[in-house]
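Enquirer: all I have is the shape, not the residue letters:
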């Protein structure tokens, strides 16, 4: 359930020009933007792993811990992106010319 604070509507109105940009994209692109929450979830996992540790003897020990964290988290990444071809086509239209070097469309 989404609970709106007292001043939420005022903040939305104040920042509507920035916020409304998100709604200009088609649903497929908005879904991809929304999935950046997955990246934030991974960062949260990293913080959770490292928060309880006082320190690391060297960089390698930190890298090993993060690697294992990614390995464990990746077991949950089973869902493919729905309609990826459609989304890719829409991204190519919205960002005309910017994806040419990275993609073969």
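Expert: Nice, thanks for sending it over. Predicted, not measured: the structure shown is a model, and the values here were computed from it.
Enquirer: in the protein, where is pLDDT below threshold?
Expert: Applying pLDDT under 70 to the chain picks out residues 1-5, 34-37, 104-105.
Enquirer: mind listing the strands for this protein?
Expert: Using DSSP state E, no strands are assigned anywhere in the chain.
Enquirer: for it, what spans make up the helices?
Expert: Secondary structure of the chain, counting by DSSP state H: helices at 8-14, 16-23, 27-34, 36-51, 59-74, 84-94.
Enquirer: mean neighbour count and distance to residue 103 added to the ones you listed, as a markdown table?
Expert: The way it works is simple: take the backbone N, C-alpha and C, and place the C-beta from them, glycine included. Compiled in a markdown table, these are given as follows (neighbours: other C-beta atoms under 10 Å; distance: least, C-beta to C-beta, whole Å):
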| stretch | mean neighbour count | distance to residue 103 |
| --- | --- | --- |
| helix 8-14 | 11 | 34 |
| helix 16-23 | 9 | 23 |
| helix 27-34 | 14 | 14 |
| helix 36-51 | 12 | 19 |
| helix 59-74 | 12 | 24 |
| helix 84-94 | 14 | 7 |
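Enquirer: want to throw these into a markdown table with distance to residue 101?
Expert: Formatted as a markdown table, those follow (distance: least, C-beta to C-beta, whole Å):
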| stretch | distance to residue 101 |
| --- | --- |
| helix 8-14 | 37 |
| helix 16-23 | 24 |
| helix 27-34 | 19 |
| helix 36-51 | 22 |
| helix 59-74 | 28 |
| helix 84-94 | 12 |
